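1. Here is my input; please provide its structure:
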Amino acid sequence: MDYKFFAMISRMKYINRWALMRNTINENISEHSLEVAFIAHALALLGNKRLGKHYNAERAALLAMYHDTTEIITGDLPTPIKYYNKQIKSVYNEIEENAERQMLSYLPDDLREEYASIFSPPPEDAELRPLVKAADKLSALIKCIEERRMGNVDFKSAEEATLAAIHKLDCEEAEIFLAEFIPPYDLTLDEQA
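-> Numbering: from 1, shown residues only. Presented below is the predicted three-dimensional model:
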């Protein structure tokens, strides 16, 4: 039997983010998911090394890699629409759950449970969810900074709102990342060298 899970996963590169914004450089969910994985891994390590936490950094990266996978089916619904009201958010959650089930149906039975635990992390991964959420927001902030640096003022208010949303998460690891790793995004390559 042929299983189309990975053929579908490879389509992540065709789903662009920031649909309501004029982009200097398009960003797809494949690129975004990898960046979120890098950041989630770093947040977990910061928590472990500096805050006495005991995160599974590799699991955090894995959850982040797959965090937007259902958008292969649903597309990337812009944040202002997704969170416009509780009714829209509720319906969209149901759509995402259906998309998740559909994606899992593309796997052989012996792998389905493993991937189900990545798409919908079990309670033992609860401490990693805020890190993935923070990494997702940090990746969005990075996109806003990059667009602003290229002269695209369309991202100015998105950058301010995203930074405020990160602070609102009350995630110590994200605050450390903001302080130590975000400033170089405002530097040129020569200034970084």
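
2. Residue 4: what's its closest spatial neighbour, skipping adjacent residues?
-> Of all residues not flanking residue 4 in the chain, residue 106 sits nearest, at 4.7 Å (CB to CB, 6 or more residues apart in numbering). Just so you know, the C-beta spots here come from the backbone N, C-alpha and C atoms, and that holds for glycine as well.

3. so who does the one you found touch?
-> By CB atoms under 8 Å, 6 or more residues apart in numbering, the contact list for residue 106 reads 3, 4, 5, 8.

4. Count residues in the vicinity of the last one, would you?
-> Applying other CB atoms under 10 Å, we find 15 other residues in the vicinity of residue 8.

5. Next: the second one.
-> Summarising burial for residue 4: neighbours were counted as other CB under 10 Å, giving 13.

6. Just the pLDDT at it, thanks.
-> Residue 4 is assigned a predicted lDDT (pLDDT) of 96.

7. So residue 8 is in contact with residue 103, correct?
-> Yes: Residue 8 is within contact range of residue 103, at 6.5 Å (criterion: CB atoms under 8 Å).

8. what touches both of those two?
-> Contacts common to residue 8 and residue 103, judged by CB under 8 Å, 6+ apart, are 72, 73.

9. hmm, back to that, so which of the contacts of residue 106 are in helices?
-> 5, 8 (DSSP state H).

10. Return the set of buried residues in the lowest-mean-pLDDT helix or strand in the chain.
-> When the helices and strands of the chain are compared on mean pLDDT, DSSP states H and E, helix 79-82 comes out lowest with a mean of 73. Neighbour counts over helix 79-82 (16 or more other CB atoms under 10 Å) mark residue 79 as buried.

11. mind checking pLDDT for the closest residue to residue 23 other than its chain neighbours?
-> With CB to CB, 6+ apart as the criterion, residue 23 has its nearest non-adjacent residue at 6.9 Å, and that residue is residue 147. Listed pLDDT for residue 147 reads 97.

12. Contact partners for residue 147?
-> Counted by CB under 8 Å, 6+ apart, residue 147 has contacts 21, 23, 24, 25, 154, 155.

13. Which among those residues count as buried?
-> 23, 155.

14. Please, which helix or strand holds the residue nearest to the spatial centre of the chain?
-> The structure's the chain has its C-alpha centroid closest to residue 136; by CA atoms, centre = their mean the separation is 3.4 Å. Here residue 136 sits within helix 129-149, counting by DSSP states H and E.

15. Any buried residues in the lengthiest helix in the chain, and which?
-> In the chain, with assignment by DSSP H, the single longest helix is helix 29-51. Across helix 29-51, burial judged by 16+ other CB under 10 Å covers 29-33, 35-47.
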